[in-house]
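no sequence for this one, just the structure:
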């Protein structure tokens, strides 16, 4: 009897001292817009000719390489996307905007000889201030509208499973990102650029999302006639509003 009481007391004491396993709350991503899934990418090549690709900025290939434009790694272009979305994300007590870009990616099984190409999809995200992003929603027509935003957090999820991937996968990566960068986030200011040119008469939009810390990239799209854009995506305004529902000033 005494032994049984001792066992019961020991188990009771252990249950009191046992640590409760509590998951830390993840950032909450909420639906804000539908996705932009179709645009034509344009590049003015080194010969002064315009070349295009579906959802990609094509590579500037030499004349004898043109047939490679859609082949394996060449088919990725210099930039491409499957979808572009803007959503809200709540981190702790603050709400930000998150720009999510899914894009075609891949790798060679035998990289040294470039054999065995594997088509994949990856995902890139940028967390920015809603106030800074708001500047991009009000456009002056027939004019280059430039917006730059400080990137608070960013991440890349390589080779995702498109059948099972969802916002929770991004939230988990973002949570880790927040913890790792909470103390040094102010050390270096990384900025994201978004250039938008809205042609009112044609109801067309040309746009480009780029690393604003790269000076040469920003110069790709200037106001001066002699420095017109040499690369951008183009789509109709109705389609573009699925990504960014702008208004005209």
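Received it, and whenever you're ready, just let me know what you need. Predicted, not measured: the structure shown is a model, and the values here were computed from it.

Residue 174 contacts residue 155, doesn't it?
Yes: contact criterion CB atoms under 8 Å: residue 174 and residue 155 qualify, at 6.4 Å. Any C-beta I mention is one placed from the backbone N, CA and C, and that applies to glycine too.

Give the residues shared as contacts by the two.
Taking CB atoms under 8 Å, 6 or more residues apart in numbering as the contact criterion, the common neighbours of residue 174 and residue 155 are residue 125.

Looking at these two, which is more packed in?
Regarding residue 174 and residue 155, a neighbour count based on other CB atoms under 10 Å identifies residue 174 as having more, with 22 against 14.

who's in contact with the closest residue to that one other than its chain neighbours?
With sequence-adjacent residues excluded and distances taken as CB to CB, 6 or more residues apart in numbering, residue 174 is closest to residue 27, at 4.9 Å. Contacts for residue 27 were tallied using CB under 8 Å, 6+ apart; they are 89, 90, 91, 171, 174, 175, 178.

Those in strands, which ones?
Taking DSSP state E, the ones among the contacts of residue 27 that sit in strands are 89, 90, 91.

with those in mind, which one is nearest to residue 115?
Minimum separation from residue 115 among the ones in strands among the contacts of residue 27 (CB to CB) is found for residue 89, which lies at 40.3 Å.

gap between the closest one and residue 179?
Relative to residue 179, residue 89 is positioned 15 Å away (criterion: CB to CB, to the nearest Å).

Direction included, what does the longest strand seen in the chain pair against?
In terms of residue count, the longest strand belonging to the chain (DSSP E) is strand 94-110. Using DSSP bridges, the strands paired with strand 94-110 are strand 83-91 (antiparallel), strand 115-128 (antiparallel).

What lies in contact with stretch 80-94?
Among residues not part of stretch 80-94, those counted as contacts by CB under 8 Å, 6+ apart are 27-37, 39, 41, 53, 55-57, 95-104, 121, 127, 130, 133, 167, 171, 174, 178, 209, 243-244.

can you give me the strands for this structure?
With DSSP E as the criterion, the chain has strands spanning 28-30, 40-44, 50-54, 56-57, 79-80, 83-91, 94-110, 115-128, 138-139, 144-157, 191-199, 204-211, 231-236, 247-248.

quick one: the longest one to strand 191-199, angle?
Spelled out, that is strand 94-110. Between strand 94-110 and strand 191-199, the angle formed by their directions is 90 degrees, by axes from the mean of the first three to the mean of the last three CA atoms, to 10 degrees.

Give me the angle between strand 94-110 and strand 204-211.
In terms of direction (the same axes, to 10 degrees), strand 94-110 departs from strand 204-211 by 80 degrees.

are any of the contacts of stretch 80-94 buried, and which?
27, 29, 35-37, 39, 41, 53, 55-57, 96-104, 121, 127, 130, 133, 167, 171, 174, 178, 209, 243-244 (16 or more other CB atoms under 10 Å).

pLDDT of stretch 52-63, averaged?
When pLDDT is averaged over stretch 52-63, the result is 90.

for the chain, where's the lowest mean pLDDT among helices and strands?
helix 215-218 (a mean of 48; mean pLDDT, DSSP states H and E).

Next one: residue 176 from residue 152, what distance?
With distances taken as CB to CB, residue 176 is found 15 Å from residue 152.

Compare neighbour counts for these two and give me the winner.
residue 152 (21 against 12).

my guess is the more buried one contacts residue 125, does it?
No: contact status for residue 152 versus residue 125: not in contact, 11.1 Å apart, counting by CB under 8 Å.

and residue 2, what pLDDT?
According to the model's per-residue confidence, residue 2 sits at a pLDDT of 52.

I meant residue 68, not that one.
Residue 68 is assigned 75 on the pLDDT scale.

again with residue 249
Per-residue confidence at residue 249 stands at 84 (pLDDT).

Residue 124 now?
The predicted structure scores residue 124 at 98 on the pLDDT scale.
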